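K.L.:
build me a model:
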Amino acid sequence: MNVSAKYLWFYVVVVVVSSLACGVLGEQPTAPAPEAVQTAGATTSPEITLEESSTPADEGTTTQPTPTRLPDEFMVPVDVEEDLITNLYERVSPAVVHITSRVTSMNFFFGAVPSEGTGSGFILDSQGHVVTNFHVIEGADSIAVTLSNEATVQATIVGVDPPNDLALLRIDVPPEQLTPVELGDSTDLRVGERAIAIGNPFGLDRTLTTGVISALGRPLQTSDDNVIFNVVQTDAAINPGNSGGPLLDSRGRVIGVNTAIRQDAEGIGFAVPVDTVKRIVPALIEQGYYPHPWLGFLGYDITPGLAQALELPVDRGILVAQLFRGGPAADAGLRGAQREVIVGNQQLLVGGDIVAGIDDREIDAWEDLSEYLELATRVGDEVTLHVVRDGQPLDLILVVAEQP
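P.N.:
Numbers count the residues shown, from 1 in each chain. So this is what the prediction gives:
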């Protein structure tokens, strides 16, 4: 082969090899898209890390990253709230009890007729004290408490407080078989926080419902004309049989005792605040009842219309009408009504002092005074009544007495 032919053959080989190289390098392989993974029932895109291949790449090729799954300890739980609720239930539900009260009523035709009522309660301490509503055990001849292990024991009444619809029972059970609750604090609650109810609605033991705190500081008028102050309103489902059971916060602490529902609405339930429970229960243990504060007088709420009709010097407060003999108000020199007048179609006792405030709190109506006495005072405390007498301010010192 001559020199010219040799060079021509070398040129053809170089061109062919170059064309093949361009084909290899010009079309890069596409890595397949990772398939979706399903975690706890939810389909999501996987978290991946890009890991270089450990095998050295051939010269002139591009290495593709290899997708790998993160270790389990780095995976975020799909539903943290679900875990919170289930763990809370497992921890707190053993403290919730089923209360069955047996009541005997007299019937004209059949004589003594027994009947049963059911409700809920919760174990307060290792001594076997159980908190529930007064209306759950009202008039009961016998009370049975069923624990979470299905054991049923008889309970005795330690004390009751009908005005706050609270009752304290005691069961004789070894401490190691009891799971007491943890009490929270109702003063720091905020609307919108989670609220969890556990009880026995319609006899369905230890049923859990969830919702939020819908409102705070509600006054709840009871069927016997008492007012429970500062109740917690919630939209957690509360039904007949839930009464006396705990309302819990997200940590499983008791923030209230489920007490009542609004019968003409859905999602409106009420609970006695736990701070009231903490205030009442020690007195029930010690003496079987709670001594409610009392000042010993009655009066009318002053409205702008009444103030105008009677030409009063103020348009808010309480117009004192009647004093109870031997009561704190009479002993302190508070003046009651001096005469009777007719305003519109009402006959009123007028001419007495006007109560405008107590201690550092202004009083607009009777409910303001009742709330302050109930929540902020105890029997034996001294309080200062800010009074208007004949148009002039006057302060009177009273010693709070026990309501008869």
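K.L.:
quick one, helices of the stretch 151-300 of the chain?
P.N.:
Assigned by DSSP state H, counting those that start in this stretch, the stretch 151-300 of the chain shows helices spanning 274-287.
K.L.:
can you list the low-confidence ranges for it?
P.N.:
Counting by pLDDT under 70, the stretch 151-300 of the chain contains no low-confidence range.
K.L.:
could you chop this protein up by domain?
P.N.:
Following automatic domain parsing, one gets these domains for the chain: 79-290, 293-402.
K.L.:
distance from the first one to the middle of the chain?
P.N.:
Centre-to-centre, domain 79-290 and its host chain are 12 Å apart (Cα atoms, centre = their mean, to the nearest Å).
K.L.:
out of the domains of the chain, which is the most enclosed?
P.N.:
Ranked by mean neighbour count, the domains of the chain are led by domain 79-290 with a mean of 18 (mean count of other Cβ atoms under 10 Å). C-beta: built from backbone N, CA, C; applies to glycine.
K.L.:
start to end distance for that one?
P.N.:
Counting by Cα to Cα, to the nearest Å, you get 45 Å between the two ends of domain 79-290.
K.L.:
and for stretch 300-317?
P.N.:
Terminal residues of stretch 300-317 are spaced 8 Å apart (Cα to Cα).
K.L.:
for stretch 234-243, same thing?
P.N.:
14 Å.
K.L.:
who are the contact partners of residue 332?
P.N.:
By Cβ atoms under 8 Å, 6 or more residues apart in numbering, residue 332 lies in contact with 385, 396, 397, 398.
K.L.:
identify the farthest-apart pair in these.
P.N.:
385 and 397 (8.0 Å; Cβ to Cβ).
K.L.:
need phi/psi at the closest residue to residue 361 other than its chain neighbours.
P.N.:
Spatial nearest neighbour of residue 361, chain neighbours left out: residue 372 (5.6 Å); criterion: Cβ to Cβ, 6 or more residues apart in numbering. Torsion angles at residue 372 (phi, psi; degrees, to the nearest 10) stand at phi -70, psi -50.
K.L.:
I figured residue 372 hits residue 364, correct?
P.N.:
No - in this structure residue 372 lies outside contact range of residue 364 using Cβ atoms under 8 Å: 11.5 Å.
K.L.:
okay, the nearest residue in space to residue 183 that is not next to it in sequence and residue 88: tell me how far apart.
P.N.:
Among residues not flanking residue 183 along the chain, residue 254 sits closest, at 5.2 Å (Cβ to Cβ, 6+ apart). Taking Cβ to Cβ, to the nearest Å as the criterion, residue 254 is separated from residue 88 by 12 Å.
K.L.:
what residues are up against residue 314?
P.N.:
By Cβ under 8 Å, 6+ apart, the contact set of residue 314 is 302, 307, 354, 356, 388.
K.L.:
of those residues, which belong to helices?
P.N.:
Of the contacts of residue 314, the ones assigned to helices by DSSP state H are residue 307.
K.L.:
quick one: which of the contacts of residue 314 sit in strands?
P.N.:
Counting by DSSP state E, the part of these found in strands is 354, 356, 388.
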